[in-house]
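Engineer: Provided below for reference: sequence and predicted model.
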Amino acid sequence: MEKKYSLNFIRKKFNELDIINIFTIGYIFIISFCLFYFSKGDIRGVNPDFSLYIEPVNDFAKSNCNFTECLQYFIPDKSATDVKWILNPFYSIFFLIPISIFNSDILFLLQGIALSIFIFLLLKNLLEEFYLNILNQKIISSIILIGFLNYEFIKDTLTSGTMSICFLLILLVIKFRDKFLYATIFLSLAAILRSNFIFMSLSFVFSLLIVKPKKYKSYLYISFISILVYSIYYKLIYFSYPGNVLTWLFKTGFNGSEVIDNFFLERLPPNTEISIWEPNISELISLFIKDFSLLYGVIINYIFKIIQFLNYMHMGFFTDERGIWIQRLSNIINFGIIYLPSFYVLNFSAISILVFKNKILRKFEELIIFWTILYIILHSLILGEARYLIGYHFILITIFLRYLSLISKLFPKKEII
């Protein structure tokens, strides 16, 4: 009887998948094979930050440390004259140690496939919960498919990247949003997983205060707890990151940025090494007053970062170290057809909500619109890269298709006699 029930449950879940969902799952496995084939089995090498995250694990494995002595490999020593940069011990311990023990790229890929499928199922469940009576089922399935077609996302997910795992945790927060303890735990885990979590959290808090949906005070409490957890983790771990927040105003972070880099280097004080420079606000203001072109450069650099955030790769479209040029095509299609138009739509929506009190969309849609816009605007002050849009790109796709659906309803189909 139990076996029959299990089979019926599996059959029911399979029947819930339409052809678009099946294509999405198939796509996950196809890309998995392609990554394995083109990387010649070096799945760990596909993620550019893997070597930095695995370093403390390797150092720990080579040592013969006992108990508290082992902490030196995962927690920076503030008293040291040259503090070692440690990215994220939480991620390294829980997501990389199993791979290190078995030293298997196939196991690492299977972990990424499991992460991808979990995100797919959870995202499908949440979109149907929020949109089943608003959008056609095919549109909901298309949102997921288009999101998975984002190469930065699928690559990060299949290599168990921190942004994708953080996205999964936030999906779990949304799923258990009415269970205070679970939501707080999942959001706190997200806080210690990503150094840029502060931008996610602050933009969400500001959005809650603007929109004020039901139970927004409860969501504020959860957010404040996660910010507190982040602050503690920052004091322990993130302080070791080179430079400070203000130095990122002068950093580019994209290919072909030599002109911009030289622009800043010519105007900053002599022998300034931006990556380790630690200016204060008064010093920056003084520099801007002395040379307004420096402020102009920061503004232009900021605009470039926003554009790159939306998948535009600048000169990166002309370079590909692995020779997989189709991913470049994917980026330019996503940028030109989906993310840039959607970003405009989100901004116009926000203006219409604030100025004209537009009530076309529901409260939760207004919330995710402001959350996404504020996140992109705040994060781009520091760094703008397509991989930091992971998770939020589903919101851009959803709202874009939501408006297309509303527009299509203005033009009812005429029967052909």
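Structural biologist: All right, it came through fine. Numbering: from 1, shown residues only.
Engineer: Give me the local confidence score for Leu383.
Structural biologist: pLDDT for Leu383: 85.
Engineer: Does it touch Thr252 like I think?
Structural biologist: No - Leu383 is beyond contact range of Thr252, at 9.2 Å (criterion: C-beta atoms under 8 Å). Yep, even glycine has a C-beta here, placed from its N, CA and C like the rest.
Engineer: Those two: who's more crowded?
Structural biologist: Shown here are Leu383 and Thr252; by other C-beta atoms under 10 Å, Thr252 has more neighbours (22 against 17).
Engineer: looking at the chain, which helix or strand does the model trust least?
Structural biologist: Ranking every helix and strand in the chain by mean pLDDT, DSSP states H and E puts helix 2-15 at the bottom, with a mean of 53.
Engineer: list the helices and strands whichever helix or strand comes after it packs on?
Structural biologist: The helix or strand immediately downstream of helix 2-15 is helix 19-38, counting by DSSP states H and E. Counting contacts by 3 or more C-beta pairs under 8 Å, 6 or more residues apart in numbering; DSSP states H and E, helix 19-38 packs against helix 105-131, helix 137-148, helix 151-158.
Engineer: Run through who's touching helix 19-38.
Structural biologist: Under the contact criterion C-beta atoms under 8 Å, 6 or more residues apart in numbering, helix 19-38 has outside partners 17, 43, 46, 105-106, 109, 112-113, 116-117, 120, 124, 138, 141-142, 144-145, 148-149, 154-155, 158-159, 322-324.
Engineer: Go again with 7 Å.
Structural biologist: 43, 46, 109, 113, 116-117, 120, 124, 138, 141-142, 144-145, 148, 154, 158, 322, 324 (C-beta atoms under 7 Å, 6 or more residues apart in numbering).
Engineer: I'd like the distance from that helix to the chain centre, please.
Structural biologist: How far helix 19-38 lies from its chain's middle: 21 Å, per C-alpha atoms, centre = their mean, to the nearest Å.
Engineer: So which bits of that helix are buried?
Structural biologist: Neighbour counts over helix 19-38 (16 or more other C-beta atoms under 10 Å) mark Ile20, Asn21, Thr24, Ile25, Ile28, Ile31, Ser32, Leu35, Phe36 as buried.
Engineer: C-terminal to the host helix or strand of Val173, what's the next element?
Structural biologist: Assigned by DSSP H and E, Val173 belongs to helix 162-175. With elements assigned by DSSP H and E, the helix or strand that comes after helix 162-175 is helix 180-191.
Engineer: Tell me how far that next one lies from the chain's centre.
Structural biologist: With C-alpha atoms, centre = their mean, you get 17 Å for helix 180-191.
Engineer: Flag every buried residue along that helix.
Structural biologist: In helix 180-191, counting by 16+ other C-beta under 10 Å, buried: Ala183, Thr184, Ile185, Phe186, Leu187, Ser188, Leu189, Ala190, Ala191.
Engineer: closest to Phe204 among these?
Structural biologist: Minimum distance to Phe204 across the buried residues of helix 180-191 is 9.5 Å, recorded for Leu187 (C-beta to C-beta).
Engineer: Grab the nearest non-local neighbour of the closest one.
Structural biologist: Spatially, and ignoring its direct neighbours in sequence, Leu187 is nearest to Ser226 (4.2 Å; C-beta to C-beta, 6 or more residues apart in numbering).
Engineer: Name all residues that make contact with the one you found.
Structural biologist: By C-beta under 7 Å, 6+ apart, the residues touching Ser226 are Leu187, Ser188, Ala191, Ser201.
Engineer: Now tabulate these in JSON lines and tack on distance to Lys357 and pLDDT.
Structural biologist: Putting these into JSON lines (distance: C-beta to C-beta, whole Å; pLDDT from 0 to 100) gives the following:
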{"residue": "Leu187", "distance to Lys357": "31", "pLDDT": "97"}
{"residue": "Ser188", "distance to Lys357": "36", "pLDDT": "97"}
{"residue": "Ala191", "distance to Lys357": "34", "pLDDT": "95"}
{"residue": "Ser201", "distance to Lys357": "27", "pLDDT": "96"}
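Engineer: how deep is Lys290 tucked in, by neighbour count?
Structural biologist: Around Lys290 there are 9 residues (other C-beta under 10 Å).
Engineer: what do you get for Asn347?
Structural biologist: Neighbours around Asn347, by other C-beta under 10 Å: 14.
Engineer: separation between it and Tyr241?
Structural biologist: As for Asn347, its distance to Tyr241 is 31 Å (criterion: C-beta to C-beta, to the nearest Å).
Engineer: need the contacts of Ser226 in TSV with distance to Glu266, can you?
Structural biologist: Listed next are the contacts of Ser226 as TSV, based on distance: C-beta to C-beta, whole Å:
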residue	distance to Glu266
Leu187	44
Ser188	44
Ala191	39
Ser201	37
